[in-house]
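[1] how would this look folded up:
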Amino acid sequence: MTMTDPIADMLTRLRNASAAKHETVDMPYSKFKAHIAEILKREGYIADFAAKEARVGQTLEITLKYGKHGEQSIQGIKRVSKPGLRRYAKSDALPMPLGGLGIAIISTSSGLMTQKECLDKGIGGEIVAYVW
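    Predicted coordinates for the structure are as follows:
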């Protein structure tokens, strides 16, 4: 069976694993998913990620991060631009999830960035997801 939205699958796996208090979560590897994981690590939502060899291709293993008393680092994660309805934002109308407390992951011509990096560079793009 073909997957129509692998990014939504990745975000759902992260959401479910975090809610179930799993230590790690595995998913099929792609460069786009690795860049999303890199942003999540840089912003402090996950502990680490690594690409590992599998029987067929590679898998992306993400190590989740929790607080001192088991609080989830990822409180919410939402796919915004979907294959059936793409969402774009100009540089002067970038979204600020939770009034700037969360991040918006944006796919630009210069690669994946957060909304803060897009504001600094003055570029817009496709809104991939919100994370808070």
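[2] Verify the contact between E38 and F49 for me.
    Yes - under the criterion of C-beta atoms under 8 Å, E38 makes contact with F49 at 7.4 Å. C-beta coordinates here come from the backbone N, C-alpha and C atoms, glycine included.
[3] So for the two, which sits in the more crowded spot?
    More crowded of E38 and F49, by other C-beta atoms under 10 Å: F49, with 18 against 13.
[4] So what pairs up with that one in the strands?
    Taking DSSP bridges as the rule, F49 bridges to I62.
[5] dump the residue contacts of it.
    Going by C-beta atoms under 8 Å, 6 or more residues apart in numbering, F49 touches 34, 37-38, 40-41, 60-63.
[6] Give me the local confidence score for T2.
    pLDDT recorded at T2 is 63.
[7] nearest residue to L112 other than its sequence neighbours?
    Using C-beta to C-beta, 6 or more residues apart in numbering and skipping the chain neighbours, the partner closest in space to L112 is H35 (4.5 Å).
[8] How about the secondary structure of the one you found?
    helix (DSSP: H, G, I helix; E, B strand; the rest coil).
[9] And for the one 5 residues further on?
    L40 carries the three-state label helix when classified by three-state DSSP.
[10] now it: how far from P28?
    17 Å (C-beta to C-beta, to the nearest Å).
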